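Student: Dropping the sequence and predicted coords here.
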Amino acid sequence: MGMTKEQEEKFKKLGLSSYIELALVVPSSYEDLRVHEKLQIHAMQLIDATVESVYRAPNSLQITFFAHNFGHLITGVLFRPKPYMMHQFKVGDRDYYYGMVECKNGFCSMSMPKKVTNIGAITPKYKSALRSDVMFRLMQSSLTKENLISEGLKAEIAEELLHVHFPAQIVPNLRELEAKTVDALKYSELFSYMKQLSNKRRYFKALTSSCSDYEKWAQTLPFRLTHEQVKSIEEIKADFSKEISARRMIVGDVGSGKTMVILASALMMLPNRSVLMAPTTILANQLYTEAKKFLPDIKIALVTNKTKDIDLDEYDFIIGTHALLYRELPCASLVMVDEQHRFGTAQRNLLEKLVSSGEKKPHFLQFSATPIPRTQAMIETAHIDVSLITTTPFKKDITSTVIHKNDFKELLEHIKIEIESGNQVLLVYPLVEQSEVLEYQSIDEARGFWEKRFSNVYVTHGKDKEKEEVLLEFNKSGAILIATTVVEVGISLPRLSTVVIVGAERLGLSTLHQLRGRVSRTGLKGYCFLYTNQSSSERLDRFTQTTSGFDIANLDLKFRKGGDLLKGHNQSGSQFKWVDLAEDEEIVKSVKEDLGKRK
Ligand code: ADP
Ligand code: MG
């Protein structure tokens, strides 16, 4: 970047790595250090003044100035003056002073006048790891149009940013910056973020750059693939034919049919090998069963920690849990990770490494059941390709209702009826143990009530080591499952028709959505009850009106801004200071386009 050593050190101290990032550290205020002839009441102002007299009171210092620029007297008042301040005011001296000017009954005063030397301009003030004047000098020496343009910004955006730091005529109002200034800040923030993301993307030669058909297989399925399943598969097909190894994330709601995309991918990879990792034994088993069912002609292996030593070389498709990471694996051309958020980056990378050989890398596909806003997806595409599956093959019929204490009797009736007809009910409590602060029951407090009235009541929670077994047992013979929100079961409970979420207003919409997604997975009529002590909540009401995870991700954005979240959480939850993912789709688009042009 052609920086001096001194500049570099300052950038380091500020934790910044580019001029654009520096430009995004906007002033916290401005000092107008120009000499004006018109006096403004209740404003910070500069006076060109001669000290006429100094009066020392017990707790203050009063200075009578003659302000030449205004042509009249102004009384300066210093409260609790420090010794050094006393010496700043000598009768007869003429200097520049800056301070808050107030006028009452024709009498003007300036509180805490400060002697200034660098006058003539609007000077920004910064709150950062550097002293404000040091920061300002860094801005002056680093922020130039050329520097900003050299990092890829467009000229008009660069100019807009420079105005914020070096305003010419009018002091910018930081609370109400002009729309085009805010847009420039948003654009720059996104540009900087997405540019860094795209720099992180690594390109490797693929182990395999060929792709088999999936169309004939698709026709043998008992159902037709949805439009978006096909679109994702086509995108993957195009990836597989490239010399560079694929890096793609497939995002689709629970029940959107991602498994079919996984199976199609393994099929297209033939005659080369694929590996698939799932976060739990139950999920790995389910995927294995489905793979065997829909890909009967392929040799498929299941690897869990119970698997005996088998020679994996003989298999075309290896499905497993974390256990895969602790075995020797044969080379594979495709690595897939289901429910990717439940693995760490290190684990995902390790799996890829285990099946790689030499410089070349397998194709890599991640599957996520956490719908993200479209804008977020667009941003992600800077470092990973993204396919969205926003529709589900069959519409889930789930009735969602916000309920209160006085609805409890009715709820109990509903639960009885569901259980009598062989369906299952999930009750989600906010905590395992009693808590002083929470106005809801915990699992420990509530379980007795349910166990007394119903048989086959099961209890599990996040820290429960037997969680998987309890879930399997419940699946077979349970009526009611009592759990905390951490019941992140990826397994399907086909008889689960009802979920009751206690203290629903405490949870994010995406968590509520995940929980609701547990019911009605096989077309059963489903019910979701949001139990709350809050008398009304637009957020919960809006949640009951849609079942699309992508709509909900957008709603979540909208409501997070309003701060309808738990106390103590990051209010916006966003990595951006200026960009609003709910509203700035156009800006995201234009940054994406502009970054694309650079390559
Ligand atoms: P996800 O992994 O995205 O949560 P799954 O792949 O488990 O969803 O699919 C949910 C259910 O939908 C499964 O029972 C699956 O067999 C079924 N399914 C998948 N694709 C289709 C389709 N195109 N038409 C009808 N049913 C489908
Ligand atoms: Mg799945």
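Tutor: Now that the structure is in, tell me what you want to look at. Just so it is clear, the structure is predicted and the values come from calculations on it, not from any experiment. Numbers count the residues shown, from 1 in each chain. Ligands and ions are numbered 1, 2, ... in the order given.
Student: any idea where the helices of the stretch 451-599 of the chain begin and end?
Tutor: Ranges of helices within the stretch 451-599 of the chain are 467-477, 509-516, 538-544, 549-562, 585-598, based on DSSP state H, counting those that start in this stretch.
Student: Redo the ones you listed as TSV? Include mean pLDDT, mean neighbour count and distance to Asp93.
Tutor: All C-beta spots, glycine's among them, are computed from the backbone N, C-alpha and C. What follows is the helices of the stretch 451-599 of the chain, written out as TSV (pLDDT from 0 to 100; neighbours: other C-beta atoms under 10 Å; distance: least, C-beta to C-beta, whole Å):
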stretch	mean pLDDT	mean neighbour count	distance to Asp93
helix 467-477	87	16	78
helix 509-516	89	22	64
helix 538-544	94	17	62
helix 549-562	80	20	52
helix 585-598	89	15	52
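Student: which one of the ones you listed lies closest to Arg348?
Tutor: The closest of the helices of the stretch 451-599 of the chain to Arg348 is helix 509-516. By C-beta to C-beta, the value is 20.7 Å.
Student: who touches the closest one?
Tutor: Identification of contacts with helix 509-516 by C-beta atoms under 8 Å, 6 or more residues apart in numbering yields 254, 369-371, 398, 400, 426, 428, 485, 487-488, 499, 501, 504, 507, 526, 528, 530, 539, 543, 547, 549, 552-553, 555-556, 559.
Student: how about 6 Å then?
Tutor: Helix 509-516 has contacts (C-beta atoms under 6 Å, 6 or more residues apart in numbering) with 428, 499, 501, 528, 543, 549, 552, 555-556.
Student: How about stretch 247-259?
Tutor: Contacts to stretch 247-259, defined as C-beta under 6 Å, 6+ apart, come from residues 229, 232, 261, 290, 364-369, 371, 384-389, 392-393, 517, 521, 549.
Student: Just flag the most distant two among the contacts of helix 509-516.
Tutor: Farthest pair in the contacts of helix 509-516 (C-beta to C-beta) is Val428 and Leu555. Separation: 19.9 Å.
Student: What residues does the protein have near ligand 1?
Tutor: Applying C-beta under 6 Å from any ligand atom, we find that the chain lies next to ligand 1 at 223-226, 229, 252, 254-260, 369, 393.
Student: filter these to the buried ones?
Tutor: With neighbours counted by 16 or more other C-beta atoms under 10 Å, the residues of the chain next to ligand 1 contain buried members at 225-226, 229, 252, 254-260, 369.
Student: Those residues in strands, which ones?
Tutor: Using DSSP state E, the members of those that fall within strands are Gly252.
Student: so of the buried ones among the residues of the chain next to ligand 1, which ones are in helices?
Tutor: If you go by DSSP state H, those have 229, 258-260 in helices.
Student: which of the residues you listed sit farthest apart?
Tutor: Greatest spatial distance in these: Gln229 and Thr259, 9.9 Å, computed using C-beta to C-beta.
Student: Taking the residues of the chain next to ligand 1 together, which two end up most distant?
Tutor: Pairwise over the residues of the chain next to ligand 1, using C-beta to C-beta, the maximum falls at Arg224 and Ala369, 22.1 Å.
Student: mind checking which helix or strand whatever residue of the stretch 51-200 of the chain ends up closest to ligand 1 is in?
Tutor: Nearest residue of the stretch 51-200 of the chain to ligand 1 (C-beta to the nearest ligand atom) works out as Leu197 at 25.8 Å. Of the helices and strands defined by DSSP states H and E, Leu197 is found in helix 179-200.
Student: who's in contact with whatever helix or strand comes next after that helix?
Tutor: Using DSSP H and E, the helix or strand that directly follows helix 179-200 along the chain is helix 215-220. For helix 215-220, contacts defined as C-beta under 6 Å, 6+ apart pick out 225, 267.
Student: Quick one: residues contacting the residue located most distally from the centre of the chain.
Tutor: Computed with C-alpha atoms, centre = their mean, the residue of the chain farthest from its C-alpha average is Gly92, at 60.7 Å. If you count contacts by C-beta under 6 Å, 6+ apart, Gly92 has none.
Student: which residues in the stretch 351-500 of the chain form strands?
Tutor: 363-368, 385-389, 398-403, 424-429, 457-459, 480-484, 496-502 (DSSP state E, counting those that start in this stretch).
Student: which helices and strands does the last one pack with?
Tutor: Judged by 3 or more C-beta pairs under 6 Å, 6 or more residues apart in numbering; DSSP states H and E, strand 496-502 is in contact with strand 424-429, strand 526-531.
Student: one more time with 10 Å, if that's ok
Tutor: Using 3 or more C-beta pairs under 10 Å, 6 or more residues apart in numbering; DSSP states H and E, the elements in contact with strand 496-502 are strand 398-403, helix 408-420, strand 424-429, strand 480-484, helix 509-516, strand 526-531.
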